[in-house]
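Undergrad: Predicted model follows, preceded by the sequence.
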Amino acid sequence: MQKEKILSDQEIEILQEMMNISFGKSAADLADVIDTHVVLSVPFIRIMQVPELPTYFKEHVKEFKTVSVIEQKFMGRFKGDALLVFSSGAGRELIKMLHQETRAGFESDPIDILERETLMEVGNILIGACVGKLAELLKDVVTYTPPAIVVERNYDHAVSVTRYDPNDTAIVLKTDFSFDDGDVSGSLLLITSNDSVSWMKEALRLFIEQYE
């Protein structure tokens, strides 16, 4: 299988534990802003080639008529693209949660502007905290480009893989999240280069050696 050629079962197990820690950090950071508990499922890791992404993406978001996507590039030894995919209506739901005490601003500003700004704010927190913590655990430091966003797009057209090298590897790191005071779910996908995968294997080896 492709997965076994790229990362061993032990490497995937360690990476999944790192993702547990990283998602926990992003959930805690977001809870500080929204002031509500964020519930995360255990991260699921799957490794595939870029041409397989559209099929995988459709299979995992087909229950939503539309999705909103925040994309942000991260650069370091660990480099690639982070895609944060939110379920239909997430922007409006997050607006309600973030603006509970500022209803006047919520009612006077155009909803599309507020929706984009809110999704960007939440996306910055989730991507920055999660990718940053993962890089830290792997002994790396990353920087980010400004995020790009599409709001309420049909899932068939929300993510395009044409700008990625078809020979590149995608490590799909997926978690479902929800809030005690709202109904929002989503997935985080990291698309990396083969160079980053090679570096990651070495970083995981060094990490494992610390405990042997």
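TA: Received the coordinates, thanks. Numbers count the residues shown, from 1 in each chain.

Undergrad: Burial check on residue 194, number of neighbours?
TA: 13 (other CB atoms under 10 Å). C-betas here are computed from N, CA, C, even on glycine.

Undergrad: Report the contact partners of the residue lying closest to residue 44 once chain neighbours are set aside.
TA: Across the structure, with CB to CB, 6 or more residues apart in numbering as the measure, the residue nearest residue 44 apart from its sequence neighbours is residue 174 (4.7 Å). Neighbouring residues of residue 174 by CB atoms under 8 Å, 6 or more residues apart in numbering: 43, 44, 45, 46, 60, 187, 188, 189.

Undergrad: May I see the buried residues of the helix or strand containing residue 39?
TA: Remark: residue 39 resides in strand 38-40, with elements defined by DSSP states H and E. Neighbour-count burial for strand 38-40 flags residue 38 (criterion: 16 or more other CB atoms under 10 Å).

Undergrad: How far off centre is that strand?
TA: For strand 38-40, the distance from its own C-alpha centre to the chain's C-alpha centre is 14 Å (CA atoms, centre = their mean, to the nearest Å).

Undergrad: and residue 93, how many neighbours?
TA: Burial measure for residue 93: 19 neighbouring residues, criterion other CB under 10 Å.

Undergrad: Local confidence estimate at it?
TA: In this prediction, residue 93 carries a pLDDT score of 81.

Undergrad: Can we start the residue count at 57 from this point?
TA: Renumbered: residue one is now 57, and that last one reads residue 149.

Undergrad: and it, how far is that from residue 255?
TA: Applying CB to CB, to the nearest Å, the value for residue 149 to residue 255 is 38 Å.

Undergrad: Also residue 175?
TA: As judged by CB to CB, residue 175 and residue 255 stand 31 Å apart.

Undergrad: for residue 132, same thing?
TA: Taking CB to CB as the measure, residue 132 falls 9 Å from residue 255.

Undergrad: The spatially most central residue of the chain: which element?
TA: Against the mean C-alpha coordinate of the chain, by CA atoms, centre = their mean, the closest residue is residue 244 at 2.4 Å. Mapping residue 244 onto the secondary structure by DSSP H and E places it in strand 242-248.

Undergrad: which secondary structure elements does that strand contact?
TA: Under the contact criterion of 3 or more CB pairs under 8 Å, 6 or more residues apart in numbering; DSSP states H and E, the helices and strands touching strand 242-248 comprise helix 109-117, strand 136-142, helix 167-193, strand 225-230.

Undergrad: just the angle between the helix or strand following it and helix 167-193, please?
TA: Scanning forward in sequence from strand 242-248, with DSSP H and E defining helices and strands, the next element found is helix 250-265. Compare the direction of helix 250-265 with that of helix 167-193 by axes from the mean of the first three to the mean of the last three CA atoms, to 10 degrees and you get 50 degrees.
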